[in-house]
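Novice: turn this into a model:
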Amino acid sequence: MRSGKELALDGKILEKIQSFKLLGKTEQLADMLLKDDEIQFMQEYANEVSIVRLKYNDHGPVHMRTVALNSLIMMDLLRQANVKASLEKEEAGDFEDSLSAVFCGAFLHDMGMGIGRQDHELHSVYMAYPILTRILSEVYNASIQKQVMIRSIAVEAITGHMGTRSIHSLEAGIVQVADGCDMKKGRARIPLAITGGAPRMGDIHQYSAQAIDELTIEAGKEKPISIRVGMSSEVGLFQVEEVLLNKIASGTAKSYIELYAILNGGEPKRYL
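Specialist: You can find the predicted model right below:
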């Protein structure tokens, strides 16, 4: 059962997603994903396994919605900078199609955590595939071609979000970075409470996340997207250097992103 704090946070994220005033098929698609009971239960169970069984960070509804929101912000910044994502650049679709693919991939990317951590991105694919087919066939019922393209990009985003497999579309690269951007301390609060703060192997992910106070995604000065990470302790640099930087560097969005780390409100350290 989700806590009141988790529900409240989820509500705030939904408000931010809705503030984008998505239009057309992307709006319809997002509405269906957000209201789908099967997705909701799968996301909640993914978190049960991640937090309760594995004592890992949040990988449930709040996380997947946060990644979807981060993806929307970055896609909007790219559009403002007149950067075309892959479907539009290749004249296979338009911005709305790319946005739909990104939202789908981001919203479903961690479903496989309901099975386990190892290869969870691959488990996520076969869990998400029938859902994507069901929803896209209704929203894009006039074009089987677009159903196939959007589903393919979404699947690429899901398989590539860990940064360990090659991706080729800019859409998938945005989801990869958006996932890495969900690093604030709230993601580690529950598992640390369960363990009583006692150190365990692999807890660097949790303790470093606890040091991250703020992360902002906004228009950059030299590149379309600026990501600024504020932290209270140097241990937070693990999240920037070992997680987020690796995801940016291994993906297709690198040339569009500026990355900064800010320790205790000091001078920003630029990585990209």
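Novice: which parts of the protein are strands?
Specialist: Shown for the chain, the strands assigned by DSSP state E span residues 212-218, 225-231, 257-263, 269-270.
Novice: deepest-packed of these, please.
Specialist: strand 225-231 (a mean of 23; mean count of other Cβ atoms under 10 Å). Placement of C-beta: from N, CA and C, glycine included.
Novice: may I have the strands that pair with it, each with its orientation?
Specialist: Note on strand 225-231: by DSSP bridges, its sheet partners are strand 212-218 (antiparallel), strand 257-263 (parallel).
Novice: so how far is K247 from the residue sitting nearest the centre point of the chain?
Specialist: The centroid of the chain falls nearest to V67 when counting by Cα atoms, centre = their mean (2.6 Å). Applying Cβ to Cβ, to the nearest Å, the value for V67 to K247 is 12 Å.
Novice: pull up the overlap in contacts between those two.
Specialist: Both V67 and K247 are in contact with D179, where contact means Cβ atoms under 8 Å, 6 or more residues apart in numbering.
Novice: can you pull out the low-pLDDT segments for the stretch 51-200 of the chain?
Specialist: Across the stretch 51-200 of the chain, the ranges flagged by pLDDT under 70 are 186-200.
Novice: all helices in it, in order from the N-terminus.
Specialist: Here the stretch 51-200 of the chain has its helices, by DSSP state H, counting those that start in this stretch, at 61-80, 86-89, 95-108, 120-139, 144-160, 170-180, 186-195.
Novice: which of those helices sits closest to K254?
Specialist: helix 170-180 (7.7 Å; Cβ to Cβ).
Novice: angle of the closest one against helix 61-80?
Specialist: 130 degrees (axes from the mean of the first three to the mean of the last three Cα atoms, to 10 degrees).
Novice: show residues contacting helix 170-180.
Specialist: 67-68, 70-71, 74-75, 78, 83, 85-87, 89, 98, 101-102, 105-106, 109, 153, 156-158, 160-163, 167, 227, 243-244, 246-248, 250-254, 257.
Novice: one more time with 7 Å
Specialist: 67, 70-71, 74-75, 85-87, 98, 101-102, 105-106, 109, 153, 156-157, 160-161, 163, 167, 243-244, 247-248, 251-253, 257 (Cβ atoms under 7 Å, 6 or more residues apart in numbering).
Novice: export only the CA atoms of that helix, formatted as PDB.
Specialist: Extracted C-alpha coordinates of helix 170-180, given in PDB (Å, rounded to 0.1, in the frame of the first residue of the first chain):
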ATOM      1  CA  LEU A 170      17.500  10.900 -29.700                       C
ATOM      2  CA  GLU A 171      14.200  10.000 -28.200                       C
ATOM      3  CA  ALA A 172      15.700   7.000 -26.400                       C
ATOM      4  CA  GLY A 173      18.700   9.100 -25.300                       C
ATOM      5  CA  ILE A 174      16.300  11.600 -23.600                       C
ATOM      6  CA  VAL A 175      14.700   8.800 -21.600                       C
ATOM      7  CA  GLN A 176      18.100   7.500 -20.600                       C
ATOM      8  CA  VAL A 177      19.100  10.900 -19.200                       C
ATOM      9  CA  ALA A 178      15.700  11.600 -17.700                       C
ATOM     10  CA  ASP A 179      16.100   8.400 -15.700                       C
ATOM     11  CA  GLY A 180      19.500   9.400 -14.400                       C
END
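Novice: now find how far off-centre that helix is within its chain.
Specialist: 7 Å (Cα atoms, centre = their mean, to the nearest Å).
Novice: mind putting the helices of the stretch 51-200 of the chain in TSV, distance to D213 included?
Specialist: TSV is the format used below for those (distance: least, Cβ to Cβ, whole Å):
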stretch	distance to D213
helix 61-80	16
helix 86-89	34
helix 95-108	24
helix 120-139	28
helix 144-160	28
helix 170-180	17
helix 186-195	11
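Novice: nearest to R53, out of the ones you listed?
Specialist: Across those, closest to R53 is helix 186-195 (Cβ to Cβ), at 10.5 Å.
Novice: just give me the neighbour total for N264.
Specialist: 10 (other Cβ atoms under 10 Å).
Novice: surely it and S232 touch.
Specialist: Yes. Under the criterion of Cβ atoms under 7 Å, N264 makes contact with S232 at 6.3 Å.
Novice: show the pLDDT at A209.
Specialist: What the model reports as pLDDT for A209 is 79.
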